[in-house]
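Colleague: Using only what follows, build the 3D model:
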Amino acid sequence: MKNTLTKIRVRYGETDQMGVVYYGNYALYIEQGRTEWLRALGFSYKEMEAQNIHLPVVHFSIDYKRPARYDDVLTVKTTLKKLPSVKIEFYYEIFNESKQLLVTASTDLVFIDSTTGKLRKAPDYLIDKIQKTT
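Modeller: Residues are numbered from 1 along each chain as shown. Here you go, the predicted model:
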């Protein structure tokens, strides 16, 4: 599976006094897109953590094009950039209901063994599933 689409409705508390989404909330939208990408693949962070795998974000980049506003329904398009190794890289686009591009972003996460705290390779079952769905 190369990409997923996740719908998110902007809540009032996510906006500033002008009714515009506060810039820091886009990181939450992107995280939701990423967790839904993983879920659509058949996995969850919870399951991976139970197997002593953590995925901390080590890089986050974002470009703001247009503002999202209260009550907008946003679509977060989450795309896997390439097959993971010790790192997994994603690219995101966030659109409003008019299909206007609001945000582009990218994240890099690394696979960590939570018992040792050391980098590890992506689990084989994840790589296998990605290869079967692309």
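Colleague: Assign the closest residue to residue 84 other than its chain neighbours to helix, strand or coil.
Modeller: The spatially closest residue to residue 84, leaving aside those adjacent along the chain, is residue 122, at 4.1 Å (Cβ to Cβ, 6 or more residues apart in numbering). For every residue, glycine as well, the C-beta is placed using N, CA and C. The three-state assignment at residue 122 reads coil, by DSSP: H, G, I helix; E, B strand; the rest coil.
Colleague: any idea how far residue 55 is from residue 122?
Modeller: When Cβ to Cβ, to the nearest Å is applied, the distance between residue 122 and residue 55 equals 9 Å.
Colleague: For these two, list the residues in contact with both.
Modeller: Shared contacts of residue 122 and residue 55, defined by Cβ atoms under 8 Å, 6 or more residues apart in numbering, are found at 88, 111.
Colleague: Next up, the contacts around the nearest residue to residue 101 once chain neighbours are set aside.
Modeller: Leaving aside its sequence neighbours, residue 101 sits nearest to residue 65 (Cβ to Cβ, 6+ apart; 5.4 Å). If you count contacts by Cβ under 8 Å, 6+ apart, residue 65 has them with 100, 101, 102, 103, 104.
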